[in-house]
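Enquirer: Provide a 3D model corresponding to the input given below.
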Amino acid sequence: RHDLLYQFLDIKPSFFHKTQKFNEKIIDVAKMSKILSSTQFIPCPNGFVHPETYRVYEALECGCIPIVENAYKYYDRLFPQNPFLKVNKWSEAKPILNEWKNDQIQKRQEECKLWWSKQKKNLQEFVNKKINS
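Expert: Modelled structure (predicted):
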């Protein structure tokens with residue numbers, strides 16, 4: 001996480017919120033929702049025990065492009081053909097964020113929104129089918 005913060009430090013505009021310890025009170029929901037809803041990219045570092053974290057789902061729900069660590073190609077195996085931005089090292093994300101033009105960003109954001117909407121619909125149908133069979 002320290003490398004992530006270091007790599008993204010000079011990308012502007014940006015927002016960082018760092019807590020002193022795990023499970024410490026974080027930003028209230030309304031403020032966090034406002035911040036995330038005005039964000040284009042959200043770095044989603046792997047969890048401490050498992051690669052998957054809630055951060056990816058927060059990013060998708062807010063219409064952001066998740067930037068995920070590509071450890072073991074985890075997200076490609078979990079969600080084949082996902083539109084996430086995948087990096088092996090956080091330093092790989094920096095040039096992309098600096099070089100992508102607004103139209104590229106908007107196109108990827110739209111891909112993420114459509115993909116996520118379809119994923120949720122498919123999951124609802126799957127659960128509904130299991131419950132009703």
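Enquirer: and the strands in the chain, which stretches?
Expert: Secondary structure of the chain (DSSP state E): strands at 41-44, 65-69, 85-87.
Enquirer: who's in contact with the closest residue in space to Ile42 that isn't next to it in sequence?
Expert: In this structure, Ile42 finds its nearest non-sequential neighbour in Ala59, 4.0 Å apart by CB to CB, 6 or more residues apart in numbering. Bear in mind the C-beta positions are built from the backbone N, C-alpha and C, glycine included. Counting by CB atoms under 8 Å, 6 or more residues apart in numbering, Ala59 touches Leu36, Ile42, Cys44, Ile65, Pro66, Cys112.
Enquirer: in stretch 109-116, which residues are buried?
Expert: Buried residues in stretch 109-116, defined by neighbour count with 16 or more other CB atoms under 10 Å: Gln109, Cys112, Lys113, Trp115, Trp116.
Enquirer: pretty sure the last one contacts Leu60?
Expert: Spelled out, it's Trp116. Yes: contact criterion CB atoms under 8 Å: Trp116 and Leu60 qualify, at 4.2 Å.
Enquirer: what's the distance between the residue nearest to Asn82 when sequence neighbours are not counted and Leu5?
Expert: The shortest distance from Asn82 to any non-neighbouring residue, by CB to CB, 6+ apart, is to Tyr75 (5.9 Å). In this view, Tyr75 and Leu5 are 21 Å apart by CB to CB, to the nearest Å.
Enquirer: more neighbours: which of these two?
Expert: The neighbour comparison of Tyr75 against Leu5 (other CB atoms under 10 Å) goes to Tyr75, with 20 against 13.
Enquirer: isn't the more buried one up against Tyr57?
Expert: No: using CB under 8 Å, Tyr75 is not in contact with Tyr57; the gap is 11.8 Å.
Enquirer: now do the helices in the chain.
Expert: Counting by DSSP state H, the segments of the chain that form helices are 2-8, 29-37, 54-61, 74-78, 93-99, 102-132.
Enquirer: which one of these lies nearest to Lys86?
Expert: helix 74-78 (6.7 Å; CB to CB).
Enquirer: list the buried ones in that closest one?
Expert: Buried residues in helix 74-78, counted by 16+ other CB under 10 Å: Tyr74, Tyr75.
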